[in-house]
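> Got a predicted structure plus its sequence, pasted below:
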Amino acid sequence: MALILKNCRYLVTQNDTRDILEHADLCIEGNRITESRKPLTGDTIIDCSRHIVLPGLVNMHTHLGMTFLRGAGEDMELHDWLAQKIFPAEQKLRDHEVYRWALHGAREAMGFGTTTVCDFYFFPFSTAKALEDAGMRAFVGGDVQDNPTAHAQTGGDALQLSAHFIETYKDHPTITPVAYAHSPYTCSEQTLVAVKNLAVTHQVLFAMHLAETRYEVDFCKKKFGSFPVEAMARLGLLGKDTVLAHCNWITKDEIKLLDGTCVAHNPVSNMKLASGSTLPIPELLAAGVCVGLGTDSVASNNNLDLFEEMKVAGLLQKFHRWDPAALPVQQILDMATRNAGVVLGKPLGVLMPGHLADVIAVELRDHLLPIDTSRVLNHLVYSAKGSDVVLVIIDGKVCRMSS
């Protein structure tokens, strides 16, 4: 039997022509969207006549297990924040605590309309179990760095744990493993290359933080003799199966080196930690680079609301460039939805037959009115809030529904 979202006031398909349909039905059978049809006996029907229905949002970079650190370190720049607040607290972590807080974070994110996360942290088995229990789709990587951490005393231990995790979850229906290296300032060249080789061997994504701050640029110039992206390109870490978080401090020449690499933009976290520059999104898009959107952790963001992230992403580009048209609303919504499908290799972020049924519905409340087709995307990016989401469907299953 099917699940039918009936008479959607607006159906934001995010298909190749970005069609927005009015008073349309969306039919789901199993975990896929199918061709619309008349309801049959036994179908479940949800009235969406007062809703904007769109693909579930995808958080391309976060650390849900860090939810216990929300509000723990305010008014600090990144490296002082890490050294004084984050790393010491994380040394005391245990796997059951990561499970607890990852589950807490997953439920918060789902309530705001996020249906998929790319999550990287310690104790990947605990994170994966929490996300599976929450019913969320996820790409999960275990943290690899050379420093002693809560889950591994050496880079070799962390690499072995990551390999075990990837092998265990490689065929899971909703949890996809990722090979994750923390950053150039916590990993040696050998460790970075070893994690990339792990990704290649198992045909999974490779992810890391890169070029987040000016300090990191200076660090890379001293350590590698070049700028961050140049250094990673020389090590063979870039390409279509690599996701880089942040990249605030990159040059025009470095953009040419990305070669299919995806960049996950985290505007709220970057602004809060005063990273000092902003991602050059127009130049990246012009070069054919796929850009996704992330919150980073609630320790550096304070919430997991991707609607807020979309708004701030747009405002930041306008403000930084003195250009009100620097990042159009369609490109922003693409960053939060369909771009992820390209990067993650899954039929995500588009509401068309054959695609995975990860769907959300936003209620047309007072602050989203008046509305017509020309304003739908404007309202989603600049007026909507995560709390406006009243229906969340992941892998064809209703995970949350409220009036």
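Nice, thanks for sending it over.
> how does this protein divide up, domain by domain?
Domain assignment for the chain by automatic domain parsing gives 2-55+350-401, 57-344.
> Let's see the distance spanning the last one from one end to the other.
Same thing as domain 57-344. 13 Å (CA to CA, to the nearest Å).
> Off-centre distance for that domain?
Relative to the mean C-alpha coordinate of its chain, domain 57-344 is positioned 8 Å out (CA atoms, centre = their mean, to the nearest Å).
> Adjust the sequence numbering to begin at 396 for everything that follows.
Okay, using 396 as the starting number, the last item reads as domain 452-739.
> In TSV, list the domains of the chain along with mean pLDDT.
What follows is these, written out as TSV (pLDDT from 0 to 100):
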stretch	mean pLDDT
domain 397-450+745-796	97
domain 452-739	96
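> Go through those and pick out the most buried.
Highest mean neighbour count of the domains of the chain: domain 452-739, a mean of 21 (counted as mean count of other CB atoms under 10 Å). Where you see a C-beta, it was placed from the backbone N, CA and C, and this is true even at glycine.
> ok, now how distant is Asn661 from Leu459?
14 Å (CB to CB, to the nearest Å).
> repeat for Arg404
For Arg404 relative to Leu459 (CB to CB), the value is 32 Å.
> Over to Val754?
Taken as CB to CB, the span from Val754 to Leu459 is 22 Å.
> cool, Asp767 as well?
Here the distance between Asp767 and Leu459 works out to 37 Å (CB to CB).
> And His762, by the same measure?
Taking CB to CB, one finds His762 at 28 Å from Leu459.
> Please apply the same query to Asp528.
From Asp528 to Leu459 the distance is 12 Å (CB to CB).
> now swap in Val535 and tell me
From Val535 to Leu459 the distance is 10 Å (CB to CB).
> what residues are shared contacts of those two?
514, 522, 526 (CB atoms under 8 Å, 6 or more residues apart in numbering).
> I'd like to know which of those are part of helices.
Per DSSP state H, helices hold the following members of these: 522, 526.
> quick one: which of the shared contacts of Val535 and Leu459 is nearest to Ser672?
Asp514 (25.4 Å; CB to CB).
> Report the contact partners of the closest residue to Arg427 other than its chain neighbours.
Once flanking residues are discounted, Arg427 sits nearest to Ala752: 5.8 Å by CB to CB, 6 or more residues apart in numbering. Residues near Ala752 by CB under 8 Å, 6+ apart: 398, 423, 425-428, 788-791.
> distance of Ala752 from Val787?
Separation of Ala752 from Val787 (CB to CB): 11 Å.
> distance between the helix or strand hosting Leu772 and the chain's centre?
Here Leu772 sits within helix 771-777, counting by DSSP states H and E. How far helix 771-777 lies from its chain's middle: 19 Å, per CA atoms, centre = their mean.
> Show me what it is packed against.
Here helix 771-777 touches strand 397-407, strand 446-450, helix 701-716, helix 724-731, going by 3 or more CB pairs under 8 Å, 6 or more residues apart in numbering; DSSP states H and E.
> for whichever helix or strand comes after the first one, packing partners?
Proceeding C-terminally, strand 397-407 gives way to strand 415-424 as the next helix or strand, assigned by DSSP H and E. Using 3+ CB pairs under 8 Å, 6+ apart as the contact definition, the elements that strand 415-424 packs against are strand 397-407, strand 427-429.
> who does the longest one pair up with?
Right, the one you point to is strand 397-407. strand 415-424 (antiparallel), strand 439-442 (parallel), strand 446-450 (parallel) (DSSP bridges).
> which residues are contacting the last one?
By CB under 8 Å, 6+ apart, the list of residues contacting strand 446-450 from outside reads 400, 403-407, 409, 421, 510, 728, 732-733, 743-746, 753-759, 763, 771, 774-775, 785-786.
> ok, now the longest one?
Contacts to strand 415-424, defined as CB under 8 Å, 6+ apart, come from residues 396-408, 428-432, 443-444, 448, 746, 752, 754, 768, 771-772, 788, 791.
> ranges for the helices of the stretch 596-745 of the chain?
609-618, 623-629, 647-650, 662-667, 676-681, 701-716, 724-731, 733-739 (DSSP state H, counting those that start in this stretch).
> export the ones you listed to CSV and tack on distance to Asn592?
Output for the helices of the stretch 596-745 of the chain, formatted as CSV (distance: least, CB to CB, whole Å):
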stretch, distance to Asn592
helix 609-618, 20
helix 623-629, 14
helix 647-650, 23
helix 662-667, 29
helix 676-681, 27
helix 701-716, 32
helix 724-731, 30
helix 733-739, 20
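> So which of the helices and strands packed on helix 771-777 is nearest Glu472?
helix 701-716 (17.9 Å).
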